[in-house]
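**Q** build the 3D model from these lines:
(2 chains)
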Number of protein chains: 2
Amino acid sequence: MKILITGGAGFVGARLARTLLAGGTLAGRRIERLVLADLAAPPPDLHDDARVAARVEPLAATCEALRGEPFDGVFHLASAVSGECEADFDLGLRSNLDGTRALLDALRHRVQQGAAPARLVFSSSIAVFGPDPALPLPEVVGDDTIPAPQTSYGTQKLVCEHLVADYTRKGYVDGRAARLMTVTVRPGRPNGAASSFFSGMIREPLAGEEAVCPVSPDVRHPVSSPQRTVEGLIAVYEASREAFVGRSALNLPALNVSVQQMLDALEAVAGPRVRARVRFERDERIAGIVANWPRAASARRAAGLGLQPEARFEDIIRQYIADHAGTPALKGLEA
Amino acid sequence: MKILITGGAGFVGARLARTLLAGGTLAGRRIERLVLADLAAPPPDLHDDARVAARVEPLAATCEALRGEPFDGVFHLASAVSGECEADFDLGLRSNLDGTRALLDALRHRVQQGAAPARLVFSSSIAVFGPDPALPLPEVVGDDTIPAPQTSYGTQKLVCEHLVADYTRKGYVDGRAARLMTVTVRPGRPNGAASSFFSGMIREPLAGEEAVCPVSPDVRHPVSSPQRTVEGLIAVYEASREAFVGRSALNLPALNVSVQQMLDALEAVAGPRVRARVRFERDERIAGIVANWPRAASARRAAGLGLQPEARFEDIIRQYIADHAGTPALKGLEA
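**A** Modelled structure (predicted):
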């Protein structure tokens, strides 16, 4: 079978690609070809896999090509992130709304030419939830909580959830939208996401660097490790329509954790010297965005697909440490 | 002040225009200019009012012109209807999604040029609600019911609700989305809406014609008279942001009524001979669409704005009769 991952060179996309290639199959079929479409080239290990083809191009070009090229399945992860979308309104609309619609229309075009509908996993986000004065946010957001996004990013994700559902209803695609929790610990440098600090406050101290936490220690948030996130995307792909239940988006599993608990876990796993590299310095812009985010999430439908969150934040830190064994990313653990 | 009504030559739009012109003011300000933009010319009585300007053109042309032209407020009613959107997927996306976005972007453009944000009332629809297997529809859909549209029309309306909310959050427009109930009794001929029969089964017998009801008598549905609908749109426009509460869409008031109750009301108002002109003949296509619609709605936030539904369906029929006194539309009442 032939699979496309948009955003396939990104952090989640590349990890998804590695997991798929290591397993070799998806939904019981052998993966012959894995196309990674992104603005950047995929990491070398992926590039070197004979099954991988890289498309380094804008999503619009990928969608144009899709019209003439059959794929069995698509993971649509490409997206401008929350901070970018707040800073550049047009960028968000173009990348996230127009991009997803172009993808859906390319897949629809193939169906209208007689092809079977491709299976599509759309990566939505916990950011669809937010407090509207008329719709207060419950303490725990579930699959059946009414979304009221408070960012352009969250709005665009929600809009695309509904487009995916309608294209699915029409038979143009076999679409499933899954809401990612905040994925942590991300490697590399901070990105434009307002949630970037959730990774930075663990990643930087482990690398021996100082880190700033821009929100108060009692901030709670639903998070997920990279690996559980990728496993969730695969399980959503592999689910039958009946097991997915309906066409509305589902929450992926969340570990609901406070900033204080994250730091306690860091100390438990890496010691007090590493923990001491994190200081609190409030950033009103970030804190304002985060104040509108859910403090906890549940994932009943995902549990029905056999998906569970990590039990403890320590496990998430240990996953990051295992992933980076022997690299400078862990030099803060030495001595 | 200067007001634009998109879809201003349509049934609701023209009635809204007449009501505004008769009152002469909106939100305490004198209406100097009322622009009716539509694919069709407005009715002669509106055309003859010196305050009215007609723009007979596609919405895209109106939006283009809007970029250079100040308006204090906009009622955005222009829309392809549900039946059309099911039959022609591209038409729905183009008319309802792209059209609304072009309007929002035109209003945003003016704000980015330094203008104050225009006030915008977006006419959404009860069609945003539907049963998803993961999200069963409650017996009564409220402002806080999670929408899961089961038609392209409902999807597009919901998507636009969220775009209006986000453009409002960004300060590009002062937008308010109000969900219209099924407006009945509409005059004229059946249109492409799947709900068209709710008017036809009253209107045709009053005109002396046979009518077919394509669904069973126990079908229940939330409806509103044309006048209450127009009053709702005006109240939503006139509400302060605080009184509107938040940025999520609200339901306009509904009279929740069964087909049987509608026919009983017809008999009570117009007599058994008129009632006898309606026969039941199931249409699976229509019945299938209607089966996914809400059976009743509440409107708590609209009540907070002082809006109430009609007390009885008889009152809705009497409104139609009063509107059409002395015309052939009532010739079925004679003899």
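**Q** counting contacts, what elements does the helix ranked longest in chain A pack onto?
**A** For chain A, the helix that runs over the most residues, judged by DSSP state H, is helix A:152-169. In terms of contacts (3 or more Cβ pairs under 8 Å, 6 or more residues apart in numbering or on different chains; DSSP states H and E), helix A:152-169 is packed against helix A:82-87, helix A:89-92, helix A:99-112, strand A:119-125, strand A:174-180, helix B:152-169. (C-beta placed from N, C-alpha, C; glycine too.)
**Q** comparing these by mean pLDDT, which bottoms out?
**A** Here the lowest mean pLDDT among the helices and strands packed on helix A:152-169 goes to helix A:82-87, at a mean of 89.
**Q** what's that helix in contact with?
**A** Contact with helix A:82-87 is made by A:91-92, A:95-96, A:127, A:151-154, A:156, A:191-196, A:289, as judged by Cβ atoms under 8 Å, 6 or more residues apart in numbering or on different chains.
**Q** could you redo the last one with a cut-off of 10 Å?
**A** Contact with helix A:82-87 is made by A:79-80, A:91-93, A:95-96, A:125, A:127, A:151-157, A:190-196, A:285-286, A:289, A:293, B:166, B:170, as judged by Cβ atoms under 10 Å, 6 or more residues apart in numbering or on different chains.
**Q** the residue lying closest to A:Leu59 once chain neighbours are set aside: neighbouring residues, count only.
**A** Leaving aside its chain neighbours, A:Leu59 sits nearest to A:Gly99 (4.5 Å; criterion: Cβ to Cβ, 6 or more residues apart in numbering or on different chains). The tally of other residues near A:Gly99 (other Cβ atoms under 10 Å in any protein chain shown) stands at 23.
**Q** dump the residue contacts of A:Gly99.
**A** A:6, A:58-60, A:62-63, A:76, A:78-80, A:93, A:156, A:160.
**Q** so it versus A:Val141, what's the distance?
**A** Distance of A:Gly99 to A:Val141, given as Cβ to Cβ, to the nearest Å: 26 Å.
**Q** surely A:His47 and A:Ala40 touch.
**A** No - in this structure A:His47 lies outside contact range of A:Ala40 using Cβ atoms under 10 Å: 11.4 Å.
**Q** give me the common contacts of the two.
**A** A:Ala9, A:Ala54.
**Q** and A:Ser199, backbone torsions?
**A** phi -90, psi -40 (degrees, to the nearest 10).
**Q** enumerate every residue touching the residue most central in space within chain A.
**A** Nearest to the mean C-alpha position of chain A, counting by Cα atoms, centre = their mean, stands A:Leu180 at 4.7 Å. A:Leu180 sits next to A:12, A:77, A:123-127, A:157, A:222, A:224, A:229, A:232-233, A:251-252, A:254 when contact means Cβ under 10 Å, 6+ apart.
**Q** do A:Ala54 as well
**A** Listed by Cβ under 10 Å, 6+ apart, the contact partners of A:Ala54 are A:Gly8, A:Ala9, A:Leu34, A:Val35, A:Leu36, A:Ala37, A:Asp38, A:Ala40, A:Ala41, A:Pro42, A:Leu46, A:His47.
**Q** now the buried members of those.
**A** Neighbour counting by 16 or more other Cβ atoms under 10 Å in any protein chain shown classes A:Gly8, A:Ala9, A:Leu34, A:Val35, A:Leu36, A:Ala37, A:Asp38, A:Pro42, A:Leu46 among the contacts of A:Ala54 as buried.
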